[in-house]
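Student: 3D, please:
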Amino acid sequence: MYTFLWHIVKFIHIFKIYSNFTDMAYTLQLGAKAPYFNLPATDGKNYSLADFTDAEVLVIFFTCNHCPYVLGSDEVTRATADKFSDRGVKFIGINSNSPNTYEVDDFPHMVQRMEQYKFPWVYLWDKTQEIARIYGALRTPHFYVFDKDRKLIYTGRSSDSPRDASRITLDDLENALEEHIAGKLISKPLTNPIGCNIKWDGMDPHWMPPEAKDLV
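Tutor: Coordinates of the predicted model:
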């Protein structure tokens, strides 16, 4: 009897974990409005979407502290953020990885990274992973570009070689920003993000929700 009840309890626990992902948008659709967030940052402040109303273009990207695709592309992302900073473009980094999977992805290490590298973006902590679920973040890094009305105009990778910048032949993020600011339609608004999967709390490090699919 107790063995039977234990299996029932285990099934309910697994079902609850899975059900957290069944309504997950994979991924946010082009034209969709940027979902609201209010998250703590490494600078000791909290930021919400309303804190960036002055930005003509908002780039939100899911990142972390350990992924080699992040570490290999951070300086490329910095260069892009610097290049467009005087053209009304602001960047926001969000770490949704569970520190129970990789301890280095915890908040103190986020603070340490920002103090060391002084990246030109705010770095937010999505401790509950709710924002990653709402945006349908697939990997680190995964970029979302929103226009002045906060409608999604580009999502996917930054470049075709985030792990090794020396091998980049296409910078899709920069191309999308250039085209949009020039008043043109973005020629390639969807690309597949390249990187490590989001580290979901309580799951295998390589686990991805079954609804997760390539964008193109």
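
Student: the residue nearest the centre of the chain in helix, strand or coil?
Tutor: Residue closest to the average C-alpha location in the chain (C-alpha atoms, centre = their mean): Phe62, at 1.6 Å. State at Phe62, reduced to three classes by DSSP: H, G, I helix; E, B strand; the rest coil: strand.

Student: could you report the distance from it to Lys148?
Tutor: Per C-beta to C-beta, to the nearest Å, Phe62 is found 22 Å from Lys148. For the C-beta atoms, the positions are set from N, CA and C on the backbone; glycine is no exception.

Student: what do you get for Thr80?
Tutor: Applying C-beta to C-beta, the value for Thr80 to Lys148 is 19 Å.

Student: who's more crowded, the two?
Tutor: Shown here are Thr80 and Lys148; by other C-beta atoms under 10 Å, Thr80 has more neighbours (22 against 12).

Student: what helix or strand is that one located in?
Tutor: According to DSSP states H and E, Thr80 maps onto helix 74-84.

Student: partner strands of the helix or strand that that helix is followed by and their direction?
Tutor: Toward the C-terminus, helix 74-84 is succeeded by strand 89-95 as the next helix or strand (DSSP H and E). Using DSSP bridges, strand 89-95 pairs in its sheet with strand 57-63 (parallel), strand 122-125 (parallel).

Student: tell me the mean pLDDT over the longest one?
Tutor: Mean pLDDT, computed over strand 57-63, is 98.

Student: that strand vs helix 74-84, what angle?
Tutor: If you take axes from the mean of the first three to the mean of the last three C-alpha atoms, to 10 degrees, strand 57-63 sits at 170 degrees to helix 74-84.

Student: ok, now which ones touch Ile153?
Tutor: For Ile153, the contact set (C-beta atoms under 8 Å, 6 or more residues apart in numbering) comprises 30, 145-147, 176, 180, 186, 189.

Student: so is it in a helix, a strand, or just coil?
Tutor: Counting by three-state DSSP, the backbone at Ile153 sits in strand.

Student: after whatever helix or strand Ile134 lives in comes which helix or strand?
Tutor: Using DSSP H and E, Ile134 falls within helix 130-135. Sequence order places strand 139-140 as the next helix or strand after helix 130-135, per DSSP H and E.

Student: which strands and helices sit next to that following strand?
Tutor: strand 57-63, helix 68-71, strand 196-197 (3 or more C-beta pairs under 8 Å, 6 or more residues apart in numbering; DSSP states H and E).

Student: which residues are contacting that strand?
Tutor: Here strand 139-140 has contacts from 62-64, 67, 69-70, 97, 193-198, using C-beta under 8 Å, 6+ apart.

Student: relative to that strand, what are the paired strands and their orientations?
Tutor: Assessed with DSSP bridges, strand 139-140 is paired to strand 196-197 (antiparallel).

Student: give me the low-pLDDT residue ranges for this protein?
Tutor: Residues of the chain that meet the criterion pLDDT under 70 lie in 1-25.

Student: what about the nearest residue in space to Ala176 that is not next to it in sequence, how many residues close to it?
Tutor: Ranked by C-beta to C-beta, 6 or more residues apart in numbering and with sequence neighbours excluded, the top spatial neighbour of Ala176 is Tyr154, at 4.0 Å. By the criterion of other C-beta under 10 Å, Tyr154 has 24 neighbours.
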